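Requesting a structural model of the entry that follows:
(chains A and B)
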Amino acid sequence: MRKRVTLLPRVALTATLLWALTAVCSAPAAAGWFDDEPPLVVTVNDAYIDVYSGPGRGYPIFHALEYGEPITLIKSRAGWIKIATERGLEGWVDRSAMQYTLGPDGQVPDFTDEYRSDAVVGHFELGAALGDFGGADSVALSVGYRFTRNLTLEASYSQNSGQFSDSELISAGLLHQPFPEWRVSPFLRLGAGVIKVNPSATLVDTQDREDSVLQASLGAYVYLSRRFFLRAEYVNHHLLTTRSTNEEVSEWRVGFNAFF
Amino acid sequence: MASWLQRVFLTASVLTVLVWPSAAALAQEDDPLEPIVGADIERRHIKEDMLDSENFEVGAYAGVLGIEDFGSNAVLGVSLAYHINEDFFVEAIYGSSEAQKTSYELLSGAVELLTDDEREFTYYSLAVGYKVFPGQVYMSRDLAFNTHFYLTAGAGNTEFAANRYATYSLGAGYKIYLTDMFAVDIGMRDHLFSHELFGESRQTNNFEGRIGLSVFF
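Numbers count the residues shown, from 1 in each chain, chains lettered A, B, ... in the order given. Presented below is the predicted three-dimensional model:
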């Protein structure tokens, strides 16, 4: 009985000690995550800047910022920036107006467009595309990770609905862009995956089948805005069937990808 | 006694190992060569990446979907959109509904064209949208909400009657921004696809009216 009494505080002590240690060790990291970033303050360096009630040129202008007035940048949406004045008035200014402001270092803030793939190294991209898969309509989703200037690892899933059969395709691939600094940047992709074909339910005597598939594609990224691009692609699918001959399917697709 | 001593040493060594990095960091901060009086404000260069961007929009909606020949049915769906600029956005929607019996099935009494499972109706669509007529609506003298209309066109798939149909969709809607983050979306979509459930190929229009709430992040 006595032993148990002494054991309990010891367990509690060890636990507290461990907890305190963990807290001490993780504190600097946690502080980094939860610390409020200092506000982004710029001063107006033009005769005036119009303030709109919403993020778009069609919304009413209800205020004008004066020369030398400090403004806080709150957030951006669709090419517009939400600002607050020192008096607490909030509104939206066009992103291009940022070139008429000065940051705390006396420099114009960096709001230039960089239509370059090498500006997004280390980012994930999410894409959706529509196309034609050997006569069937295809819809594809993809997730990619750009890990160097030129290379992207990518996984994609697509559904194809044809007149006589539907199919689903899952694949992984490696994408290479030789000229990532170009706004229209060509790429080559090699991939492999699995395709599952379900013949249409209205046909008789059919069986679902699953085959491996090898893919080679050529295409291009076209940068539309800073984190957004159009992607056009031609894919050659090589189906490794269990029958005596392999099958080839050509697919073209067009879609959009966004970096985040 | 010996074990007690061991424990003390063990705890001390563990503490040393764990606290060492932060102690080293503290020591670095005490650099005697640091200027005594620093600048009041940080003279940093502002870049666009430092600014929080809210271009994504996620939403949920409910409404009524008229499945051609299969009655008007409740529909529930989710949506994800990305706003490219002030004019264009792209959206992905996924919705599900359940078809009722056709008039023929009801009148004939015994005929069942589809099983219960086959009556499940789900669709998804990827669409490009165009925002038009931006403006404000006034709720009271001091309260105004931003609004705009939008048009969408897209393509996707519909799963119905144990088949998948390539589907085109057209849509329009009205969006009311309660705050910068939350918006009410009142809209309609037409899902067009052709099926051969009644023997011959038939192009169908499946209209949907809906109301939803979306959040920007």
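
What are the structural domain limits within chain A?
A:40-111, A:119-259 (automatic domain parsing).

so how far is the last one off the chain centroid?
Just to be clear, that refers to domain A:119-259. In terms of Cα atoms, centre = their mean, to the nearest Å, the centre of domain A:119-259 is set 17 Å apart from its chain centre.

What is the end-to-end distance of that domain?
11 Å (Cα to Cα, to the nearest Å).

thinking again about what came up before, and the domains of chain A, which one is worst for confidence?
The minimum mean pLDDT among the domains of chain A belongs to domain A:119-259 (a mean of 88).

Is chain B within reach of that domain?
Yes - interface with chain B: domain A:119-259 contributes A:128-130, A:136-137, A:139, A:159, A:161, A:166, A:200-202, A:224-228, A:255-256, A:258 (Cβ under 8 Å from any Cβ of the partner chain). Every residue, glycine included, has its C-beta placed from N, CA and C.

ok, back up a step: reformat the domains of chain A as a markdown table; add mean neighbour count.
Formatted as a markdown table, the domains of chain A follow (neighbours: other Cβ atoms under 10 Å in any protein chain shown):
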| stretch | mean neighbour count |
| --- | --- |
| domain A:40-111 | 17 |
| domain A:119-259 | 17 |
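
Which one, of these, ends up nearest to residue B:59?
domain A:40-111 (15.4 Å; Cβ to Cβ).

can you give me the strands in chain B?
Remark: strands assigned in chain B by DSSP state E are B:52-53, B:56-66, B:72-83, B:88-98, B:120-138, B:144-160, B:163-177, B:182-195, B:202-216.

can I get those in TSV with distance to chain A, mean neighbour count and mean pLDDT?
Shown next, in TSV, are the strands of chain B (distance: least, Cβ to the nearest Cβ, whole Å; neighbours: other Cβ atoms under 10 Å in any protein chain shown; pLDDT from 0 to 100):
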stretch	distance to chain A	mean neighbour count	mean pLDDT
strand B:52-53	4	16	88
strand B:56-66	8	18	96
strand B:72-83	4	19	95
strand B:88-98	5	20	94
strand B:120-138	4	18	93
strand B:144-160	4	20	94
strand B:163-177	4	19	93
strand B:182-195	9	18	95
strand B:202-216	7	17	96
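
Filter the residues of domain A:119-259 next to chain B down to just the ones in helices.
The helices, defined by DSSP state H, take in nothing from those.

Inside strands: which ones of those?
A:128-130, A:136-137, A:139, A:159, A:161, A:166, A:224-225, A:228, A:255-256, A:258.

can you put the strands of chain B in JSON lines and add distance to residue A:196?
Formatted as JSON lines, these follow (distance: least, Cβ to Cβ, whole Å):
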{"stretch": "strand B:52-53", "distance to residue A:196": "38"}
{"stretch": "strand B:56-66", "distance to residue A:196": "28"}
{"stretch": "strand B:72-83", "distance to residue A:196": "25"}
{"stretch": "strand B:88-98", "distance to residue A:196": "20"}
{"stretch": "strand B:120-138", "distance to residue A:196": "18"}
{"stretch": "strand B:144-160", "distance to residue A:196": "15"}
{"stretch": "strand B:163-177", "distance to residue A:196": "12"}
{"stretch": "strand B:182-195", "distance to residue A:196": "22"}
{"stretch": "strand B:202-216", "distance to residue A:196": "27"}
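
thinking again about what came up before, from the ones in strands among the residues of domain A:119-259 next to chain B, pick the one nearest chain B.
Closest approach between those and chain B, by Cβ to the nearest Cβ: residue A:137, at 3.6 Å.

Quick check: beta-bridge partners of the closest one?
Applying DSSP bridges to residue A:137 gives these bridge partners: residue A:132, residue A:161.

Kindly report the same for residue B:158.
With DSSP bridges as the rule, residue B:158 is bridged to residue B:123, residue B:165.

So it sits against residue B:193, correct?
Yes - contact criterion Cβ atoms under 8 Å: residue B:158 and residue B:193 qualify, at 5.4 Å.

between these two, what contacts are shared?
Residues touching both residue B:158 and residue B:193 (Cβ atoms under 8 Å, 6 or more residues apart in numbering or on different chains): B:165, B:167, B:206.

List the contacts of the last one.
Taking Cβ under 8 Å, 6+ apart, we find residue B:206 in contact with B:65-68, B:158, B:190-193.

What segments of chain A are helices?
Using DSSP H, helices in chain A cover A:2-34.

Give me the contact list for stretch A:236-254.
Counting by Cβ under 8 Å, 6+ apart, A:129-134, A:138, A:140, A:169, A:195, A:209, A:211-217, A:230-235 sit against stretch A:236-254.

In strands, which of these fall?
Using DSSP E, the contacts of stretch A:236-254 in strands are A:129-133, A:138, A:140, A:169, A:195, A:209, A:211-217, A:230-235.

Quick one, grab the pLDDT at residue 9.
I went with chain A, as the question did not name one. Taking residue A:9 on its own, its pLDDT is 57.

not what I meant, chain B
71.
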